[in-house]
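>>> give me a 3D structure for the following:
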Amino acid sequence: MTEQMQDGGDRPRRVIADQVPEDRALLAAAAAIGRDLARPDPRIYWLDMVVTAVIAYGALAAMLLSPLGPVTIVAAPIAILAFYRGISFIHELSHLKRSALPGFATAWNLLFGIPLLTPAFLYDDVHVLHHARTNYGTERDPEYLPLASMRRHELVFFLLVSILAPFGLLVRFALLAPLSLFSRPLRRWVIQRGSALAINPAFRRRIPTDAVRRAMIVQEVAASLWAIAIVALTLTGTIRLGNVLLCLAAGSAVALVNQLRTLVAHRWENDGGEPLSLTGQFLDSINVPPPALLPALWAPVGLRYHALHHLLPSIPYHALGTAHRRLRERLGETAALAGVDHPGLIAPLRTVWGAVPIR
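Residues are numbered from 1 along each chain as shown. This next block holds a predicted model:
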């Protein structure tokens, strides 16, 4: 499946050398186990999001209102992980039909999307391209880079650059969005280059369809007003600069956790040329199922079943555990499942970081 190439750097490069044929037994088993699991449960979605919001904002209030000390030390990681869980629902929104959970997308935007300057339109009509068979692993994929062939200092840069995300979003919504109203070229740039949660620098977002454009305008206006208000209230001294910097630091920590999770979501072994088969996508992706407990924190809302999600993208997050168990019962300890299931963070991190190609 892979070949090793020297690039003169500090580690060998790894790329996929040939197309992975479809595993018909795997695809048939996945289709069979998912037939009754596609319906989202509104009670789980709403309860999870509301409880997460209460914990996130409660911990943030404790962090901002308490003097630096034990309360801050305890509250900060709780706030970071809770906001990370809340923002992770954007992945679910990109796969859900709005009619399946009426009002949920609006509530999520009000609780997490707008306050964290990551409204849902940044993922709508973008993430689906990552799942398209003709796009996955190619230059058209917004969420794929051949990280397995990169040098280690490039991987470190990939992680650390995420710290700048909150500052970039603040500039995008407080400055560039308003200015783009007066410049057509700037507006085109903002849409193509500044309106997608993507890691591929070559990706250009297409001009949105009418339905997406309407939602985009509403969400963008709301996020821009919020960002401008933050800047204005800070400059006038209405809110303390220290508190704003603490919130930005918490946002940077959320982005860093997400980038670390992204680093181990796939093997990243495709070289950006030919797209992979569905089986190839599955084998290029990672699961971190139970009994491991920590993935529930750094890969929340179903992200711990990332490989299975590429087989069954329409299954809601709360049913992925059941789907994974059924798949293992049907197929047993096959080579395919053994290759994508990992006990935690370290093994998949070594896969990307290490120099020995997986065959």
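
>>> pLDDT weak spots in the stretch 151-300 of the chain?
272 (pLDDT under 70).

>>> try 90 this time
151-153, 206-215, 267-280, 283, 291-293 (pLDDT under 90).

>>> list the contacts for E329?
With contacts taken as Cβ atoms under 8 Å, 6 or more residues apart in numbering, E329 has no neighbouring residues. Where C-beta positions appear, they are placed from N, C-alpha and C, glycine not excepted.

>>> what about it? Give its phi and psi, please.
Backbone torsions for E329, taken as degrees, to the nearest 10, come to phi -60, psi -40.

>>> from H324, how far off is the residue nearest to L312 when sequence neighbours are not counted?
Once flanking residues are discounted, L312 sits nearest to G34: 4.6 Å by Cβ to Cβ, 6 or more residues apart in numbering. The gap separating G34 from H324 is 11 Å, by Cβ to Cβ, to the nearest Å.

>>> so what's the residue nearest to L312 up against?
L312, S314, I315, A323.

>>> from H309, how far off is it?
According to Cβ to Cβ, G34 stands 11 Å off from H309.

>>> what does Q259 give?
Distance from Q259 to H309, by Cβ to Cβ: 19 Å.

>>> if we can go back for a sec, quick one: pLDDT of the residue nearest to L312?
At G34, the pLDDT value in this model is 86.

>>> stretch 201-210: which residues count as buried?
Buried residues in stretch 201-210, counted by 16 or more other Cβ atoms under 10 Å: F203, R205, P208.

>>> nope, stretch 30-46 is what I was after
Buried residues in stretch 30-46, defined by neighbour count with 16+ other Cβ under 10 Å: A30, I33, G34, L37, P40, Y45.

>>> want to throw the residues you listed into JSON lines with distance to A59?
Formatted as JSON lines, the buried residues of stretch 30-46 follow (distance: Cβ to Cβ, whole Å):
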{"residue": "A30", "distance to A59": "38"}
{"residue": "I33", "distance to A59": "37"}
{"residue": "G34", "distance to A59": "36"}
{"residue": "L37", "distance to A59": "33"}
{"residue": "P40", "distance to A59": "27"}
{"residue": "Y45", "distance to A59": "22"}
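
>>> and the two most separated of those residues?
Across the buried residues of stretch 30-46, no pair lies farther apart than A30 and Y45, at 23.1 Å, counting by Cβ to Cβ.

>>> sorry, back to before: neighbour count winner among Q259 and H309?
Taking neighbours as other Cβ atoms under 10 Å, Q259 and H309 compare with H309 leading, 24 against 17.

>>> list the contacts for the more buried one?
Each residue near H309 by Cβ under 8 Å, 6+ apart is listed here: S285, G302, L303, I315, L320.

>>> quick check: it vs S277, distance?
H309 sits 16 Å away from S277, going by Cβ to Cβ.

>>> D124 touches A215, doesn't it?
Yes. Counting by Cβ atoms under 8 Å, D124 touches A215, with 7.0 Å between them.

>>> can you point me to the longest helix in the chain?
Secondary structure of the chain read by DSSP state H shows that its longest helix is helix 210-235.

>>> now the residue nearest to L312, what are its backbone angles?
Per-residue torsions, G34: phi -100, psi 0 (degrees, to the nearest 10).

>>> give me the number of residues near A296?
15.

>>> check the secondary structure at it for me.
With DSSP: H, G, I helix; E, B strand; the rest coil as the basis, A296 sits in helix.

>>> just the helices from the stretch 101-250 of the chain, written as ranges.
For the stretch 101-250 of the chain, the helices defined by DSSP state H, counting those that start in this stretch occupy 104-108, 127-131, 152-160, 165-171, 177-179, 184-193, 210-235, 241-263.

>>> just how off-centre is the last one within its chain?
Centroid separation for helix 241-263 versus its chain: 14 Å, with Cα atoms, centre = their mean, to the nearest Å.
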